[in-house]
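Engineer: Just need the structure, nothing else, for what follows:
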Amino acid sequence: MPDTQASPPGLPAGTQVLVTGGGGFLGKTLATMLAQRGVKVRSLARGSYPDLDKLGIQTVRGDLTDPKAVLEACRGCEVVFHVASKAGMWGNYDEYYNTNVVGTENVIAACRELKIKRLVYTSSPSVVFAARDMENVDESVPYADHYETHYPKTKAMAERLVLAANGPDLATVSLRPHLIWGPGDNHLAPRMIAAARAGRLRIVGDNTNKVDSIYVDNAAHAHILAAERLAPGSPVAGKAYFISNGEPRPLFDMVNLLVTAAGDPPVTKTMPAWLAWTVGLIMEWVWTIFRLSGEPRMTRWLASEMATSHWFNITAARRDLGYEPLVSIDEGGRRLAEWFKANPPKLHP
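Structural biologist: Down below sits the predicted model:
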């Protein structure tokens, strides 16, 4: 007899789903896109979000590290999109571990207890980044054997947990979106624009290193496609996928797209890669010795990210998920510029 479990149920209107981190950049875009399709959306977040309320999206206040809060947020759901995480390049290891690893353990445990059959996890290509060029690599590339910051280390640990949890009762899939950007970005673009306006931003190296990026609508679209095709025993179950716009460009071409969208001149000053790495090492030492608050302006990990190529083959996502970008980089840049006219960027110091 055929395995009926391998037939994906899709995401018809009325399906109840949970989006962890529904108030964040990707989470809000995903929750909005789902609600517009008639899907019933609940968000687990630590704050309140009037924009979500207007769309009829229920927000459950709670923390990923609280297993009871996670369990209640998952109750009654058919699909969980685990988007929330602690991002950044500096900070306390326990905070990263508790949010990214323990939080993921709590989500998996809740899915199992409530017999939820589908879990879509938001990972990162940084789980395989080993501070050297990665060009057109696919999902066969192994996890990095060393991490220079806590975010990719704990994201790799969490992704492994998610993929190991895949089985006949719970189907899991992991997506690795790279450098998400677009209207509503509260992290990447504001930081780049603030650094450029302060005169601190430099092109590291000669700007020949290409990187992937992904417009936020494309990232949300990929998550929906993954959920539609996910079921115990389906071809996507238990797998990780790189997702991007499929348009690798020199890194500072992308940085300058964000900067100029806000009405600022492009960054033109340069810095040798070795100098950026050395500055990062010194800053890490100073921040550690003197226990300074906030993030250093440069770290070894950031210097490596800015000086190397890292773009990924998305053939598997196209084949298995049916993924194709909805919005090109150029069109996304136009949309971002229009959005900035009405919503000037709130800049981080």
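
Engineer: What are the boundaries of the helices in the stretch 151-300 of the chain?
Structural biologist: In the stretch 151-300 of the chain, the helices defined using DSSP state H, counting those that start in this stretch lie at 188-197, 216-229, 251-261, 273-290, 300-307.

Engineer: I'd like the mean pLDDT over the second one, please.
Structural biologist: So the one you mean is helix 216-229. Mean pLDDT, computed over helix 216-229, is 98.

Engineer: What is it packed up against?
Structural biologist: Under the contact criterion of 3 or more C-beta pairs under 8 Å, 6 or more residues apart in numbering; DSSP states H and E, helix 216-229 touches helix 25-36, strand 79-82, strand 118-122, strand 171-177, strand 180-181, strand 239-243. Using the backbone N, CA and C atoms, a C-beta is placed for each residue, glycine as well.

Engineer: if we can go back for a sec, deepest-packed of the helices of the stretch 151-300 of the chain, please.
Structural biologist: Across the helices of the stretch 151-300 of the chain, averaging neighbours per residue (mean count of other C-beta atoms under 10 Å) puts helix 216-229 on top, at a mean of 24.

Engineer: that older thread, and the helices and strands packed on helix 216-229 as CSV, adding distance to Thr104?
Structural biologist: Shown next, in CSV, are these (distance: least, C-beta to C-beta, whole Å):
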stretch, distance to Thr104
helix 25-36, 15
strand 79-82, 7
strand 118-122, 7
strand 171-177, 11
strand 180-181, 19
strand 239-243, 14
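
Engineer: Next, format these as TSV and append mean pLDDT.
Structural biologist: Below are the helices and strands packed on helix 216-229 laid out as TSV (pLDDT from 0 to 100):
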stretch	mean pLDDT
helix 25-36	97
strand 79-82	98
strand 118-122	98
strand 171-177	98
strand 180-181	97
strand 239-243	98
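
Engineer: which residues touch Arg144?
Structural biologist: Heads up, residue 144 is Ala, not Arg. Val127, Val128, Phe129, Ala130, Pro152, Ala156 (C-beta atoms under 8 Å, 6 or more residues apart in numbering).

Engineer: Repeat that for Glu113.
Structural biologist: By C-beta under 8 Å, 6+ apart, the residues touching Glu113 are Leu71.

Engineer: now Lys210
Structural biologist: Glu135, Pro248, Arg249, Pro250, Leu251, Ser309, Trp311.

Engineer: what does Asn313 give?
Structural biologist: Asn136, Val137, Asp138, Phe242.

Engineer: just for the chain, where's the confidence low?
Structural biologist: Applying pLDDT under 70 to the chain flags residues 1-7, 347-349.

Engineer: at 50 instead, please
Structural biologist: For the chain, the stretches with pLDDT under 50 are 1-5.

Engineer: Just to check, Gly182 is in contact with Arg334?
Structural biologist: No. The criterion here is C-beta atoms under 8 Å, and Gly182 misses it with Arg334 at 11.2 Å.

Engineer: Looking at those two now, which is surrounded by more residues?
Structural biologist: Gly182 (26 against 13; other C-beta atoms under 10 Å).

Engineer: ok, and the closest non-adjacent residue to that one?
Structural biologist: Leaving aside its chain neighbours, Gly182 sits nearest to Val216 (3.7 Å; criterion: C-beta to C-beta, 6 or more residues apart in numbering).

Engineer: try Pro266
Structural biologist: Per C-beta to C-beta, 6+ apart, closest to Pro266 is Asn256, 4.0 Å.

Engineer: Fine by me, thanks again.
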